[in-house]
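**Q** attaching a predicted model along with its sequence, questions to come.
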Amino acid sequence: MSRVPASCPANFAGHYTVSPGDTMYKISSIYRTSVNELIIANPHISNPNLIFPGDVLCVPGRISFSCCVTLDLVQPSELGEAGVALVYTSFIGTIAVSVMVVLGSLPTGFDIWIAEVDIPNVERFRHQIYPTPQTPPTFSGTINFPTAVSLTPNSVVRVFPANSATGNEGPVKMQGSLNNCCR
């Protein structure tokens, strides 16, 4: 008797019916997701090492590379604040996933932007976004992810201003969901 999920979590790409010879690793590779994310999306499979032909799995959503996400303002803004995140594959000794963030002007009282990519139930990655020498500057920076990390559609890119002299961080000013990158 095959096992079928009662429902699938938010941001799932679809269902996959297990074929002979399939493993969670093989299926996760096909859908560019981690084995752990595939296991979390399928609590009806009590032992992920034992899947059988006919079992139906919820497949976490895939992110289409390259894609661009507009960072929307979270609160009232000063003139000129805008941002975008570009998700793409890169080669840094090995194939990796990168998120480049490009931003406009800073709010008064701050001198740097901090970008954060939050992968729910996995980890948050932060990186300072650096200014260009032009006046007014454009800020840009890239967060490179280890090959073991998979961005998911419910991952969120957030940016907030900070003061490098005092270490104070402002509230999140812009954010965007990678859900907009899904196929």
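**A** Nice, I can see it.
**Q** that's a strand at Ser29, yeah?
**A** No. The assignment for Ser29 by DSSP: H, G, I helix; E, B strand; the rest coil gives helix, which leaves it out of any strand.
**Q** quick one, what contacts Pro48?
**A** Contacts for Pro48 were tallied using Cβ atoms under 8 Å, 6 or more residues apart in numbering; they are Met24, Val35, Leu38, Ile39, Asn42. Glycine gets a C-beta too; all of them are placed from N, C-alpha and C.
**Q** skipping adjacent residues, who's closest to the second one in space?
**A** Just to be clear, that refers to Val35. Ser28 (4.7 Å; Cβ to Cβ, 6 or more residues apart in numbering).
**Q** ok, the one you found touching Ala41?
**A** No. In terms of Cβ atoms under 8 Å, Ser28 does not count as a neighbour of Ala41; the distance is 10.2 Å.
**Q** least trustworthy helix or strand in this structure by mean pLDDT?
**A** Within the chain, no helix or strand scores below strand 12-17, which has a mean of 77 by mean pLDDT, DSSP states H and E.
**Q** name the SS class of Pro133, please.
**A** Going by three-state DSSP: Pro133 is coil.
**Q** from Arg3, how far out is the residue nearest to Val35?
**A** 18 Å (Cβ to Cβ, to the nearest Å).
**Q** burial measure for the closest residue to Glu37 other than its chain neighbours, as a count.
**A** Among residues not flanking Glu37 along the chain, Pro60 sits closest, at 4.9 Å (Cβ to Cβ, 6+ apart). Using other Cβ atoms under 10 Å, Pro60 is surrounded by 26 other residues.
**Q** who does Pro60 bridge with?
**A** Phe12 (DSSP bridges).
**Q** what does the model give it for pLDDT?
**A** As predicted, Pro60 sits at a pLDDT of 76.
**Q** does it really touch Leu178, like I thought?
**A** No. With contact defined as Cβ under 8 Å, Pro60 does not reach Leu178; the gap is 11.8 Å.
**Q** overlap in contacts, the two.
**A** Common neighbours of Pro60 and Leu178 (Cβ under 8 Å, 6+ apart) are Thr152, Pro153.
**Q** quick one: low-confidence parts of this structure?
**A** The chain contains residues with pLDDT under 70 at 1, 10-13, 32, 61-65, 76-80, 90-96, 146-150, 180, 182-183.
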